[in-house]
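Asker: Build me a model from this:
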Amino acid sequence: MIASDLLLNRVFWILLFGVASLLFPILLPASTEVLSYQVQILVYRGKSLSVRVPAGYQLELLTDKLNKPRLPTFAANGDLFVGSRSGEVYRLTPPYNRPRTLINLDNYPHSIAFRQGRILIAQTDGVYQAPYQPEQPRLSHDNLTLMAALPGGGGHNSRTVAVGPDGKVYVSLGISGNCSDQYLGEPYPFYDRRGGVLVLDETGTEPQWRSYGSGLRNPVGFAWHPQTKVMYASNNGPDHLGYDQPPEYFSRIDPGSFHGMPWYQFDGKQLVWDSCIFTRPPRPIRDVTLPVVTFPARNAPLGVAFVPKGAMDTQLEMDAVVALHGSWGTKPGGRYLGDASTRRHPKIVAVRFDGEKAVRVDDLVTGFQSADGDRWARPAGVAVGPDGALYFTSDSGINGLFRLRRTGGVIKPK
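Answerer: Take a look at the predicted model:
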C-alpha cells in the first residue's frame with residue numbers, strides 16, 4: 001500500500017505540473033531565441049569578401065574615408081560623431097557616407113557625448129567640452145575647454161565618455177600595462193588612479209572624479225541596460241598569461257564594485273592570484289565581482305551598445321552588442337611572432353539577456369579574418385542608430401563605417 005500510494009502521489013504531481021505548464025506558461029523561465037545565419041558576399045575594390053550575418057540582415061560599408069576611427073555616438077538629431085586615433089572628430093549626417101571633420105585634436109579624441117547643449121570629447125588627459133548646436137559643421141579650438149582632467153600617460157590611452165541615465169558624466173580608462181600598480185582610489189596619487197569607470201561629481205565648486213567601478217584592466221566600452229539602467233562594461237584581460245588565459249570580461253558595474261585586476265584574475269572557474277604584481281591589493285578577494293559572461297582570451301573587446309526596444313528585431317531587444325577587435329596573440333603561448341592564422345577572429349557579438357540576466361554570447365557578424373590570419377576589418381565601436389540599425393567602425397584594414405540592417409526594414413514589436 002505504501003509503495004502504491006507513493007507512486008500515485010508522484011503521478012498526481014507530474015500531471016498537475018504538466019497542466020499548470022500549459023495553463024500558465026508565463027510563469028516558466030523565458031529563454032533567448034537561437035539566431036540563424038546567412039552568408040553574404042561584400043564586394044570591396046573588386047574583391048569579394050564573405051561574411052556571415054543573422055538571417056534577414058545585410059551588411060553595408062557606408063564609407064572607407066575615416067582615419068583610424070574608434071567609438072561612434074549618435075546625437076539627438078540623428079547626426080553621427082566618431083572619435084579617432086588620428087586626432088579627427090568626424091561628423092556624418094544621414095545616410096552617413098560622407099564624413100566631415102568637426103575638429104582635429106592632438107591628444108587622441110577617442111569618444112564623444114552630448115549633454116545640455118554641449119559636446120563632450122574624451123581625450124587621454126581629460127574630458128573637454130564646448131557649446132554645440134545641432135548641425136553645427138565645425139568646432140573651434142577656442143571654444144573647447146577642459147571639463148575635468150584625467151590621468152594621462154601611455155599604454156591603454158583611450159578614454160571613453162558617456163552620459164548616464166542619471167545625467168551624470170562617466171569615463172572609463174585602463175591601467176597602463178598588464179600588471180601596473182594602479183587603482184581608482186586612495187591612497188593612489190592622481191596620475192595612478194586608473195583601471196575602471198569614473199563618475200564626475202559636480203556638486204562642489206570644482207568637478208571631481210569619483211570611483212564608480214574599479215579593478216578593470218582596460219574597460220573600453222560601457223553602456224546601460226535600457227530597462228534596468230544597470231551599467232555593463234567590456235574589459236581586456238592581460239596578455240602575459242598565454243593564449244587561453246584569462247578570459248575577457250563582460251561585467252556588471254555597480255557603484256563601488258571592485259573587479260580585482262591586476263591582482264586577481266578570473267580563470268573561467270575561480271579567482272587566482274596574478275604573481276606578476278607584488279603590491280598588496282587595495283581590497284580583499286571577497287570583494288571581487290565576477291564577470292557575468294566571458295569571451296575567450298585574446299579577443300580584445302572594445303565598444304558596447306544595448307539594443308533598445310524597437311531596434312533591430314524583437315529577439316535582440318535588450319541584448320548587448322560588443323565589438324571584438326581581435327588581439328595579436330597567437331598559439332601556443334599568446335606571443336606576437338607566431339602563426340597569424342591562429343589569432344582570434346575579429347567579430348561583432350551579442351550578449352544575450354534573459355530578463356535582467358546575461359546568459360550567453362552569440363555571434364552577430366563574422367568573417368573579417370581570412371584563413372591565413374589576414375584581417376580586412378577590425379570592429380572597434382558600436383552604436384544603434386535612430387533607424388534601428390547597428391553601426392560599427394573598423395580601425396584596421398578598411399578604416400570605415402559599417403551598417404548592419406534588416407533587409408525588410410526594422411521589425412517592430414507586436
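Asker: Can you name the next helix or strand after the helix or strand bottoming out on mean pLDDT in the chain?
Answerer: Using mean pLDDT, DSSP states H and E, the weakest-scoring helix or strand in the chain turns out to be helix 2-23, at a mean of 39. Using DSSP states H and E, the helix or strand that directly follows helix 2-23 along the chain is strand 37-44.
Asker: Counting by contacts, list what the following helix or strand past that following strand packs against.
Answerer: Using DSSP H and E, the helix or strand that follows strand 37-44 in sequence is strand 47-54. In terms of contacts (3 or more CB pairs under 8 Å, 6 or more residues apart in numbering; DSSP states H and E), strand 47-54 is packed against strand 37-44, strand 357-365. (Each C-beta comes from the backbone N, C-alpha and C, glycine too.)
Asker: and residue 242, which of those strands is closest to it?
Answerer: strand 357-365 (21.1 Å; CB to CB).
Asker: other SSEs contacting the strand or helix carrying residue 379?
Answerer: Using DSSP H and E, residue 379 sits within strand 377-384. The helices and strands touching strand 377-384, judged by 3+ CB pairs under 8 Å, 6+ apart, are strand 69-74, strand 301-306, strand 320-324, strand 347-354, strand 390-406.
Asker: what angle separates the longest one from strand 301-306?
Answerer: Relative orientation of strand 390-406 versus strand 301-306 (axes from the mean of the first three to the mean of the last three CA atoms, to 10 degrees): 60 degrees.
Asker: Run through the residues that contact the closest residue to residue 262 other than its chain neighbours.
Answerer: Spatial nearest neighbour of residue 262, chain neighbours left out: residue 179 (4.7 Å); criterion: CB to CB, 6 or more residues apart in numbering. Residue 179 sits next to 238, 240, 262, 274, 276-277 when contact means CB atoms under 8 Å, 6 or more residues apart in numbering.
Asker: 10 Å - rerun?
Answerer: 217, 238, 240, 261-263, 274-279 (CB atoms under 10 Å, 6 or more residues apart in numbering).
Asker: which of the residues you listed count as buried?
Answerer: 217, 238, 261-263, 274, 277 (16 or more other CB atoms under 10 Å).
Asker: between those residues, which is nearest residue 319?
Answerer: residue 217 (24.5 Å).
Asker: give me the element the nearest residue to the closest one once chain neighbours are set aside is part of.
Answerer: Closest residue to residue 217 apart from its sequence neighbours, by CB to CB, 6+ apart: residue 261 at 4.5 Å. Per DSSP H and E: residue 261 is located in neither a helix nor a strand.
Asker: Rounded mean pLDDT for stretch 253-261, please.
Answerer: For stretch 253-261, the mean per-residue pLDDT is 98.
Asker: Spit out the contact partners of the residue positioned nearest the centre of the chain.
Answerer: Closest to where the C-alpha atoms of the chain average out (CA atoms, centre = their mean) is residue 304, at 2.4 Å. Applying CB under 10 Å, 6+ apart to residue 304 gives the contacts 71, 160, 162, 172, 219-224, 231-234, 250, 320-323, 351, 381-383.
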